[in-house]
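In: based on what follows, work out the 3D shape:
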Amino acid sequence: MSGGYDASTAVMDYPRRDARDKLAGRTRYTVDRAGQDTLKAVLFRSEIAAGRIVRLDVEAARRAPGVRAVATAADAPGRFGLGIADHALFASDTIRHFGEPIAAIAADTLEQARAALELIELDVEPLPALLTMDAALAKDAREIHPGWRDYEILLQGARRGGNVAWEATVMRGDTDAAFARDDVTIVEGCYRVGRQSHVPFEPRAVNARFEDGRFDIETSTQVPWTVRAVTARALGVPDSHVRVTVPAVGGGFGLKFDCTLEPYAAILAKKARRSVSLVNSRREEQLTCLCRENAEIRIRSAVTADGGIVGREATVLMDCGAYGGEQVFLTTMTAHTLGGNYRVGAMRLASLAVYTNTQPNGAFRACNGVYNTFALERHTDEICAAIGMDPIEFRRRNVIGDGDLGATGQVFEGNVLRPMLERMVEKYPAGVPTAPVAEGWLRGRATTVGTWFVFVGPSAATVNLNADGSATLVTSGVEIGSGSMMQSLPQIVASELGIDPDAVIVKAADTDASGRDLGVGGGRQTVSLGAASAQACAEVRRKLLAVAAELLQTDASRLVLKAGRVEAAGGSGGSVALVDVIARAEATVGPVSGSGAFTAPGVAAMPGCAAGHFIDAIDIPVFAVHDCELDIEVATGRIVVRNYRVIQDVGRAINPRAIRSQVQGGVVQGLGYALHEEITINEDGCFDQSGFETYRIPLAGDVVAVDLEIFEGAPSIGPLGTKGAGEVPILNVGATIACAVANATGKPVSELPLTPPRVLSLLRGRAPEVELDHINRNWRDNLC
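Out: Alright, predicted model coming up:
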């Protein structure tokens, strides 16, 4: 106990306070909140992947029955983006992807708005569509953004050129010398992954109105302050002219970590002087929303006979689609994921976000860490085969630990991965099958490691004490389903103030009422908002104890907050009810409140090591060890996961119940990525998978109960030593499944997802080798 509170009281299996209403269907999401007089909006989208707009005529649509407003590129001149401002709301002269918005319509009814779409006249001169990164990077490839040199640069330091939107690199040590050594084995591998759709149960949705000279936006988002900034930039108004509020969000998984529909609704609301609702149909959600990007990876490693990794170089191509978007930022993560896990002597990494004439991609739970971990762990097993070393022993010798250098030269603190790996081996020894293998089936097992990190960034919080002894927490945090707003934050505030978590009211995000926040994602909510909330509580506690000290005629340093009372530490001396202290404070000094803020303290990287990065070093690394046992039906290629085990680093588990829920959900989502979910793009630039009939997400029968052990005690700057627990559970799943399939079949596995047809081809020796000839074996030749 210190500072007037007992930190251990924050740890509990506190249940979700919103669970009953959500299960009963009483929770009102953005899609449920449009009023009866709200106009309904639709977007007029391109039906080709590339072309020049010759003529656009919307006059007939303006005159259509019920239509109140029509918007085009003339109404939104601003460009926006991450790192580079390459994106406009509407296509004006060039179409760059199938489904790109060209105009927007608001009408009295959805049927009238859709009817008006049919009246828009569009003449387009088609252009050759570059639908793959191979095509986009060809020497004679057409530039998808011919004016890229004129785009505003929002973050300096990255190289760009042609159809490469952004390049992030790491160069540490003498890699050429490492590969030239005569005592090393050089192992090379190529890997490929497809896109994954988020499929939250609530699609993208927004309600907007314009009044008193300001835009008021109610939206389903993870990032209210990003929505505020991007909407203002796109519309050419000051940020302060936009207010964003966020009700309950029906899932996000990274899909809503961007601004998409909100500016369209805002423009239409201003033009119509009416409230406007814009909601993606499920088909629009599938065909046009951001996916986890497809990627291609080439890795080379120089390894000694005793397993030392003396050199590594890798190139990662990330398909950002028609605009840079989140992928520009996500190039940073390659250094900390593909360059993570293991101690490496010298390293060169390049991550390139590549423009194609396809739908823009975006952030998705653990982002490119999922496929970088797949590639790295498959490559690790291939190294082990090449040098004749047991994969577990290789990992035990090489996993990153205390004092080791990361890819960008940061120094890691604490031995975390090795004891986690050893614990997995201890719990589940090799060669001990859980059940006999049936005839006609093959069994495989694998253990993998993974490194992720918590996005820290700026957060702010205010805590107001109420007359009845409750507390109101005001932040820009958003409840997207992870439970942080409903569980961990009330627990932290309650522990700090000596009250019950049920007595903590958590306000929904409102950019007019709360301080700036980076957004919900990257496992940052409990860490960043929790730290800001704890700081706000510390101010509240100081004020309370000063008033209570006068009432009790004692020194404030002797007092603690406990169970709704202020009392002397150790129970000696008098006590007073919290409500009486609040009443006294209001009468003498005014209402009791406190504010707090938090941001990344910063960890040093090696100077000159990283270029084009948004984050050079990671403040809070998070580690995971996964183990999987699966069976493969030889006749069909069908995979059945028998057992799935996870040891997850959480720093300190303040709500083990919530952590178990997140790990279970993350693993199942990862199984979808590894086994089922596949998106293919046809010659028109359209996804072949337009709905649930063709896009296969995990069903109830696919769910595997996860055996989880929570690993505590790793260093963390988070409040009470916490780390984010919601992001990392998906990280290793694709890698672990792929390594287990390779072990079962004796075949190289270099591509995800492992659908039955792909596995059957693998079993029959017909699977084409993944050869990425457009990624040069000479690493430097891949750079801009």
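In: so where's the stretch 201-350 of the chain shaky on pLDDT?
Out: For the stretch 201-350 of the chain, not a single residue meets the criterion pLDDT under 70.
In: what segments of it are helices?
Out: Assigned by DSSP state H, counting those that start in this stretch, the stretch 201-350 of the chain shows helices spanning 224-235, 262-272, 282-288, 325-330, 333-337.
In: element containing residue 538?
Out: Assigning secondary structure by DSSP states H and E places residue 538 in helix 530-552.
In: partner strands of the helix or strand that that helix is followed by and their direction?
Out: Once helix 530-552 ends, the next helix or strand along the chain (criterion: DSSP H and E) is strand 559-562. In its sheet, strand 559-562 lies beside strand 565-568 (antiparallel), with partners assigned from DSSP bridges.
In: so residue 229 touches residue 239, yeah?
Out: Yes: with contact defined as C-beta atoms under 8 Å, residue 229 counts as touching residue 239 (5.7 Å). No exception for glycine: its C-beta is placed from N, CA and C like everyone else's.
In: which stretches of the stretch 251-400 of the chain form strands?
Out: For the stretch 251-400 of the chain, the strands defined by DSSP state E, counting those that start in this stretch occupy 276-279, 291-292, 295-304, 309-321, 346-355.
In: cool, and the stretch 101-250 of the chain?
Out: Secondary structure of the stretch 101-250 of the chain (DSSP E, counting those that start in this stretch): strands located at 101-107, 121-126, 152-153, 159-161, 164-172, 184-193, 196-197, 205-211, 214-219, 242-245.
In: what's the longest one packed up against?
Out: Right, the one you point to is strand 184-193. Packing contacts for strand 184-193, counted by 3 or more C-beta pairs under 8 Å, 6 or more residues apart in numbering; DSSP states H and E, involve strand 295-304, helix 369-387, strand 751-752.
In: dump the strands of the stretch 101-250 of the chain to CSV, plus mean neighbour count and distance to residue 663.
Out: Below are these laid out as CSV (neighbours: other C-beta atoms under 10 Å; distance: least, C-beta to C-beta, whole Å):
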stretch, mean neighbour count, distance to residue 663
strand 101-107, 26, 38
strand 121-126, 14, 48
strand 152-153, 11, 40
strand 159-161, 17, 38
strand 164-172, 25, 30
strand 184-193, 19, 22
strand 196-197, 26, 19
strand 205-211, 24, 29
strand 214-219, 23, 29
strand 242-245, 22, 31
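In: and residue 189, how far from residue 312?
Out: 11 Å (C-beta to C-beta, to the nearest Å).
In: now for the two: what residues contact both?
Out: Applying C-beta atoms under 8 Å, 6 or more residues apart in numbering, one finds that residue 189 and residue 312 are jointly contacted by residue 299.
In: now the strands of the stretch 251-400 of the chain in CSV, please, with extra columns for distance to residue 647 and mean neighbour count.
Out: As requested, the strands of the stretch 251-400 of the chain are exported to CSV (distance: least, C-beta to C-beta, whole Å; neighbours: other C-beta atoms under 10 Å):
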stretch, distance to residue 647, mean neighbour count
strand 276-279, 41, 25
strand 291-292, 25, 27
strand 295-304, 25, 24
strand 309-321, 23, 26
strand 346-355, 27, 27
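In: out of those strands, which is closest to residue 150?
Out: Using C-beta to C-beta as the measure, strand 346-355 is the one of these that comes nearest residue 150, at 15.3 Å.
In: measure how far the helix holding residue 538 is from the centre of its chain, please.
Out: Computed by C-alpha atoms, centre = their mean, to the nearest Å, the chain-centroid distance of helix 530-552 equals 34 Å.
In: with stretch 117-131 instead?
Out: Here the centre of stretch 117-131 is set off from its chain's centre by 33 Å, with C-alpha atoms, centre = their mean.
In: export that stretch to PDB, keeping only CA atoms.
Out: Below are the C-alpha coordinates for stretch 117-131, written out as PDB (Å, rounded to 0.1, in the frame of the first residue of the first chain):
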ATOM      1  CA  LEU A 117     -27.800   6.500 -58.000                       C
ATOM      2  CA  GLU A 118     -29.100   5.000 -61.200                       C
ATOM      3  CA  LEU A 119     -29.600   8.400 -62.700                       C
ATOM      4  CA  ILE A 120     -25.900   9.400 -62.400                       C
ATOM      5  CA  GLU A 121     -24.100   9.500 -65.800                       C
ATOM      6  CA  LEU A 122     -20.500   8.500 -65.800                       C
ATOM      7  CA  ASP A 123     -18.200   8.200 -68.800                       C
ATOM      8  CA  VAL A 124     -14.800   6.600 -68.100                       C
ATOM      9  CA  GLU A 125     -11.800   5.800 -70.300                       C
ATOM     10  CA  PRO A 126     -10.400   2.500 -68.800                       C
ATOM     11  CA  LEU A 127      -6.800   2.200 -67.900                       C
ATOM     12  CA  PRO A 128      -4.800  -1.000 -67.500                       C
ATOM     13  CA  ALA A 129      -5.400  -2.200 -64.000                       C
ATOM     14  CA  LEU A 130      -2.300  -3.200 -61.900                       C
ATOM     15  CA  LEU A 131      -3.900  -5.700 -59.600                       C
END
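In: which among the helices of the stretch 201-350 of the chain is found nearest to residue 65?
Out: Residue 65 lies closest, by C-beta to C-beta, to one member of the helices of the stretch 201-350 of the chain: helix 262-272, at 14.8 Å.
In: please report how far the nearest residue to residue 383 once chain neighbours are set aside lies from residue 46.
Out: Distances taken as C-beta to C-beta, 6 or more residues apart in numbering place residue 187 nearest to residue 383, at 4.8 Å, with adjacent residues excluded. The gap separating residue 187 from residue 46 is 44 Å, by C-beta to C-beta.
In: helix or strand for residue 403, which one?
Out: Per DSSP H and E, there is no helix or strand for residue 403.
In: what residues does it make contact with?
Out: 411-412.
In: in JSON lines: the helices and strands packed on strand 184-193, plus distance to residue 31.
Out: JSON lines is the format used below for those (distance: least, C-beta to C-beta, whole Å):
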{"stretch": "strand 295-304", "distance to residue 31": "32"}
{"stretch": "helix 369-387", "distance to residue 31": "28"}
{"stretch": "strand 751-752", "distance to residue 31": "32"}
